[in-house]
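Chemist: mind looking at a prediction? Sequence and model below.
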Amino acid sequence: MYHGWSDETVSPLRTLEYFQDVRNRIGSKQASDSIRLFMAPGMYHCGAGPGPDTFDYISALEQWVEKGVAPEQMLSTHFDSNGNPDRTRPLCAYPKIAHYNGSGSIDDASNFSCVVPADTNDKTGQN
């Protein structure tokens with residue numbers, strides 16, 4: 001699953017609630033074997049927005065289904081008005097977030113790591 005944090009059509013908080021409902025119903029172990037949630041900062045409803053919004057979720061899903069490799073992160077790209085890539089970030093499996101490593105361009109995904117925020121009060125019980 002994925003959802004844009006800047007979605008004005010469907011609340012991203014409802015998607016977080018749904019994710020937690022699934023975990024509560026089938027258990028955290030089975031849920032982690034069958035569902036991942038990727039929250040996209042700056043992405044509107046199903047795409048666009050100021051944040052990186054283009055990522056290959058189909059290949060990630062294929063790797064999981066066909067090879068048993070669950071996605072922990074996906075590379076996401078933002079394109080400028082001319083269609084040129086101008087920013088990349090990792091999309092991290094919730095509750096992890098992309099954390100800047102402290103050096104290099106903030107527009108380059110390689111300068112970020114997926115981490116569980118220190119002050120996480122997430123509703124998944126994964127922290």
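Modeler: Thanks, I have the structure now.

Chemist: middle-most residue in the protein, spatially?
Modeler: The centroid of the chain falls nearest to F38 when counting by Cα atoms, centre = their mean (2.4 Å).

Chemist: what residues of the lowest-mean-pLDDT helix or strand in the chain count as buried?
Modeler: Within the chain, no helix or strand scores below helix 28-34, which has a mean of 87 by mean pLDDT, DSSP states H and E. For helix 28-34, the buried set under the neighbour-count rule, 16 or more other Cβ atoms under 10 Å, comprises A31. Every residue, glycine included, has its C-beta placed from N, CA and C.

Chemist: show me what the lengthiest helix in the chain is packed up against.
Modeler: Ordering each helix of the chain by length in residues (DSSP state H) puts helix 12-26 first. Using 3 or more Cβ pairs under 8 Å, 6 or more residues apart in numbering; DSSP states H and E, the elements in contact with helix 12-26 are strand 2-4, helix 28-34, strand 38-40.

Chemist: nearest to I58 among these would be which one?
Modeler: strand 2-4 (11.7 Å; Cβ to Cβ).

Chemist: show me what counts as buried in the closest one.
Modeler: Applying 16+ other Cβ under 10 Å to strand 2-4 flags Y2, H3, G4 as buried.

Chemist: who touches stretch 57-77?
Modeler: 2, 32-33, 36, 38, 40, 51-56, 85, 87-93, 96, 109, 114 (Cβ atoms under 8 Å, 6 or more residues apart in numbering).

Chemist: from the residues you listed, keep the buried residues only.
Modeler: 2, 36, 38, 40, 51-53, 55, 87-93, 96, 109.
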